[in-house]
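# Need coordinates for the below:
(one chain, ligands or ions: 2)
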Amino acid sequence: MSRVYIFDTTLRDGEQSPGCSMTTLEKLTTATALVDLGVDILEAGFPIASEGDFEAVDAVSRQFPWVSVAALARASTLDVEKAAKALQHAKRPRIHTFIATSDIHLKYKLKKSRQQVLDAAVAAVTLARSYTDDVEFSAEDATRTEPEYLMQVCEAVVEAGARTVNLPDTVGYSTPDEYAELIGRAVKALGDRAIVSVHCHDDLGLAVANSLAAVKAGARQVECTINGIGERAGNAALEEVVMAMKVRKDRLPFETKINSEKLYHASKTLTEFISFGPQPNKAIVGENAFAHEAGIHQDGFLKEPTTYEIINPASVGVPASRIVLGKHSGRHALKQRAEDLGFKLNREELEEVYHRFTQMADNKKGLRNDEIVALIELVTKSASVTAGAD
Ligand code: KIV
Ligand code: ZN
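Numbering: from 1, shown residues only. Ligands and ions are numbered 1, 2, ... in the order given. Below is the predicted model of the structure:
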């Protein structure tokens, strides 16, 4: 099976989004979770951007000498030198240099010609190679770059020594078929001279789909983040990319080195340090990802979990599935919950509890265990009082 490398950029692209900045200590703790998870490359920061980023790259490099640590640098001498300095203690340093290649970025942002950008890319890769053999080049806004020119840039940077060529969908504009076509073209052109990498943003909610389509087209590195954090709408979520390949091996016959049982822990660790967690309905790590409220689903799940769960929660480190008792729940789930709480209800009692439960649940978002207990006690006590009066 083909191996796909997971390039984690939670500490760089993820960290540079609103509410996500981390101290060096927080980055180190998150890096520990990422290393445990088994990411192949850990992008720890953008050293020229701040002293904190420089320090974090240096600290992560020292703490995890066996891990491939990447530092980001624009295609300029100062940036590359700073990245190299931050990585000086790394045993497996990767310099990741980038420049935008789309006409829109050239005209409005860089004010450079295509030739100037190509020259800057080659110069940056050449300089980076003087520090390390492991150099990655990214053509920022690749998906809005004129394809002929983009291929010319890819050829030139590989010639200059880049081992990985990343074609980011920087603004999350591409679609799976379109991205697969672009990636397939680069894979064909570069052959085994370089690994083609993908880096997708989620502006249209397609980051994971685009990344997977690219892998099918021959990309062998996926850049992603825990919980999908990152610029604007975020990056492709690592946990989703990995689990799609694991659960749908029939369609996605690729292998990663990720220990999926550590996914939930990594997500929780990150959430501790940033200002928001994943939304409740987030795939894999959201609070509701393994919760069932509808009666029909609860009934099926209680008979056989695979009726409504395609992933065993333990396989991603989630402690257990949850049955949420709300207005859509049925008798089966209520009976099960009563038993879990230590009550054995007869048929009439269950009917009565269920009747009262649906009345209460209609006006609430769900009932807590203490409310269920109170309801059961009310019904069973009043039943015994009535029986006593007979
Ligand atoms: O989105 C992007 O293009 C980037 C590059 C710097 C890789 O984050
Ligand atoms: Zn990005």
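# what helix or strand does Ala320 sit in?
Ala320 belongs to no helix or strand when assigned by DSSP states H and E.
# ugh, typo on my part, it should be Leu375
Short version: Leu375 belongs to helix 369-389, going by DSSP H and E.
# which residue is nearest the centroid of the protein?
Geometric centre of the chain, nearest residue: Ala237, 2.1 Å, by Cα atoms, centre = their mean.
# Tell me the pLDDT of it.
Here, the pLDDT recorded for Ala237 equals 99.
# Just list whatever residues bridge to it.
Thr225 (DSSP bridges).
# Check whether it really touches Glu223, as I assumed.
No: between Ala237 and Glu223 there is no contact under Cβ atoms under 8 Å: 11.7 Å. In short, each C-beta sits where N, CA and C put it, glycine included.
# Nearest residue to Lys257 in space, ignoring adjacent ones along the chain?
Nearest residue to Lys257 in three dimensions, chain neighbours excluded: Gly38, at 4.6 Å (Cβ to Cβ, 6 or more residues apart in numbering).
# Next, work out how far apart the one you found and Cys200 are.
21 Å (Cβ to Cβ, to the nearest Å).
# Please say which of the two ends up with more neighbours.
Set Gly38 next to Cys200 and count neighbours by other Cβ atoms under 10 Å: Cys200 wins out with 33 against 16.
# per the record, what domains does this protein have?
Domain assignment for the chain by automatic domain parsing gives 2-273, 291-389.
# winner for burial among those domains?
domain 2-273 (a mean of 21; mean count of other Cβ atoms under 10 Å).
# so how far is it off the chain centroid?
Put simply, domain 2-273 sits 13 Å off its chain's centre (Cα atoms, centre = their mean, to the nearest Å).
# Pull up the residues of the chain that are close to ligand 1.
Counting by Cβ under 6 Å from any ligand atom, the chain comes close to ligand 1 at Asp13, Phe98, Ser138, Glu140, Asn166, Pro168, Thr170, His199, His201.
# and which of the residues you listed is nearest to Glu43?
Distance ranking of the residues of the chain next to ligand 1 against Glu43, using Cβ to Cβ, places Asp13 first at 7.5 Å.
# Now the closest one: closest residue in space that isn't a chain neighbour?
Leaving out its chain neighbours, the residue that sits closest to Asp13 by Cβ to Cβ, 6+ apart is Gly230, at 4.5 Å.
# mind checking pLDDT for the one you found?
At Gly230, the model reports a pLDDT of 98.
# For it, give me its contacts.
Each residue near Gly230 by Cβ atoms under 8 Å, 6 or more residues apart in numbering is listed here: Thr9, Asp13, Gly14, Gln16, Ser17, His201, Asp202.
# Distance check, it against Ile274.
Distance, Gly230 to Ile274, by Cβ to Cβ: 12 Å.
# Can you work out which residues contact both of these two?
By Cβ under 8 Å, 6+ apart, no residue touches both Gly230 and Ile274.
# Look up the pLDDT of the closest residue to Ala120 other than its chain neighbours for me, please.
Spatial nearest neighbour of Ala120, chain neighbours left out: Ala75 (4.5 Å); criterion: Cβ to Cβ, 6+ apart. Note for Ala75: predicted pLDDT of 98.
# One more: Ile311?
Note on Ile311: pLDDT of 98.
# related to what we said a few turns ago, make CSV from the residues of the chain next to ligand 1 and add secondary structure and pLDDT to it.
As requested, the residues of the chain next to ligand 1 are exported to CSV (DSSP: H, G, I helix; E, B strand; the rest coil; pLDDT from 0 to 100):
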residue, secondary structure, pLDDT
Asp13, helix, 98
Phe98, strand, 99
Ser138, strand, 99
Glu140, strand, 98
Asn166, strand, 99
Pro168, coil, 98
Thr170, coil, 98
His199, strand, 99
His201, strand, 98
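# Closest to Gly286 out of these?
Nearest to Gly286 among those is His201, at 20.0 Å by Cβ to Cβ.
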